[in-house]
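Engineer: Got a sequence here, can you model it:
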Amino acid sequence: MPTSLTLLRDAEIYDPGKRGRHDVLLGGGEILAIERRIADLPLAACTVVDLAGARLVPGLIDSHVHLTGGGGESGPASRVPPVAFSALTLAGITSVVGLLGTDGTTRTIASLVATALGLREHGLSAWCWTGSYEVPPITLTGSVRSDIVFVDPILGVGEVAISDHRSSQPTFDELARLAADCHVAGMMSGKAGVLHLHLGDGPRGLELVRRALDDTELPPRVFHPTHVNRKKALFDEALELTRRGVTIDVTAFPVDDGEDAFSAPDAIVKYLESGAPRDRLNCSSDGGGCLPTYDADRRIASMDVGKPAAVAGALTELLARGLPLEDVLPVFTSNVATLLLLPRKGRIAAGADADLVVLDANHRIRDVFARGRLLVRDGKAVVSGMFEAIKT
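Structural biologist: Just a heads-up that it's a prediction; the model follows:
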């Protein structure tokens, strides 16, 4: 964590609401002051960066990244490599939540936790979900509750698969009990206690979640379905759940013309136009995850890999379409921070963490500060992961 001060001059601040042009003083990993004009400080103690009116936004928060790599659904050779540190920073991601997917057998929670801790040492803010697609979930300590309560980076359980041929086909009782464990463990630990749900393209859709809202006392905030834009009808289902208090997550995966799916930008526009609660929509990348295409026998016909940069790409596209930054930015910042109970993230305010992104004139990521440390300058990484520069 940097010990010197950084003074950002003349920033057009979105916190995520539009706040006008201010100076921002950073120190000790947090935002120390925001004023119209901050007096000059001794040069020996302060680095001054003149933003000349460039837009300054909170660092992006990605709640769905396969940090240790996803895949493995087409044999051992199909295991996706781990996500590089600079792949996150170049995408403007300063806070990340890692997870396992289909493979909770050759991938482990121990490795995932260690990877999150390693990212923290490099300067990012990192957490993870315990479990994987399968039910009962794999854990580190022997139970979901103790994982959440005793393991610092673990915020909840995910990504548990429903409505998918790769899932464990969990029953309603199994899913309700798992959500209850998340809820109670979150209360005990002061963490989010969220059940992060992978949605496949099965016809049951969000039926289990609707039933949980109808038949249990669990609060809607516990359920966090993701990939809900993979089918247009599924997105419509998910949108209705937000009116009952559920926060949903769209994935910034590629969508072909004519495909029965919404791209992340299209889904976000549709959501904002629907009149649904604006604070209950998130967007994540599925970075490092396998994006398979299946044949009629549910065997992989082709495969792509999710990229952390897809989140920044979705934001760029929305702005290029003319949507106001203050309308779309919460989907990538404050909405996620609110769901995950991260009060120092997703906003620009005195006392908040100094996780900041500067956008260029074309709405792309220009500079990135994480806890006040400059990681990306002019679109190029100035800090890399320990092994990124080593050629093997």
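
Engineer: contacts, neighbours, all on C-alpha from now
Structural biologist: Fine.

Engineer: List the beta-bridge partners for residue 226.
Structural biologist: Beta bridges link residue 226 to residue 198, residue 249 when assigned by DSSP bridges.

Engineer: list the contacts for it?
Structural biologist: With contact set as CA atoms under 8 Å, 6 or more residues apart in numbering, residue 226 has these partners: 196, 197, 198, 199, 248, 249, 250, 251.

Engineer: one more time with 6 Å
Structural biologist: Residues near residue 226 by CA atoms under 6 Å, 6 or more residues apart in numbering: 197, 198, 249, 250.

Engineer: Quick one: the helices in the stretch 51-200 of the chain, in order.
Structural biologist: All helices of the stretch 51-200 of the chain, identified by DSSP state H, counting those that start in this stretch, fall at 85-89, 109-122, 144-150, 172-189.

Engineer: now those in a markdown table, with mean neighbour count and distance to residue 221?
Structural biologist: Converted to a markdown table, the helices of the stretch 51-200 of the chain look like this (neighbours: other CA atoms under 10 Å; distance: least, CA to CA, whole Å):
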| stretch | mean neighbour count | distance to residue 221 |
| --- | --- | --- |
| helix 85-89 | 22 | 27 |
| helix 109-122 | 18 | 24 |
| helix 144-150 | 22 | 16 |
| helix 172-189 | 18 | 9 |
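
Engineer: can you list these in JSON lines and add distance to residue 72?
Structural biologist: Formatted as JSON lines, these follow (distance: least, CA to CA, whole Å):
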{"stretch": "helix 85-89", "distance to residue 72": "21"}
{"stretch": "helix 109-122", "distance to residue 72": "16"}
{"stretch": "helix 144-150", "distance to residue 72": "24"}
{"stretch": "helix 172-189", "distance to residue 72": "25"}
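
Engineer: how about these, which one is nearest residue 68?
Structural biologist: Ranking the helices of the stretch 51-200 of the chain by proximity to residue 68 (CA to CA) places helix 109-122 first, at 6.2 Å.

Engineer: tell me the two of the contacts of residue 226 that are most distant?
Structural biologist: 197 and 250 (11.8 Å).

Engineer: From start to finish, how long is stretch 76-88 in a straight line?
Structural biologist: With CA to CA, to the nearest Å as the measure, stretch 76-88 spans 25 Å from end to end.

Engineer: low-scoring pLDDT stretches of the chain, where are they?
Structural biologist: 1-3, 43, 292-295, 298, 300-302, 391-392 (pLDDT under 70).

Engineer: what about 80?
Structural biologist: Residue ranges of the chain with pLDDT under 80: 1-3, 42-44, 72-74, 290-304, 389-392.

Engineer: Pull up the gap between the most centrally placed residue in it and residue 308, please.
Structural biologist: What sits nearest the mean C-alpha location of the chain, by CA atoms, centre = their mean, is residue 62, with 1.6 Å. Residue 62 sits at a distance of 8 Å from residue 308 (criterion: CA to CA).

Engineer: what's the distance between the residue of the chain most remote from its centre and residue 61?
Structural biologist: For the chain, the largest distance from the centre (CA atoms, centre = their mean) belongs to residue 42, which lies 37.9 Å off. To residue 61, residue 42 is 34 Å away according to CA to CA.
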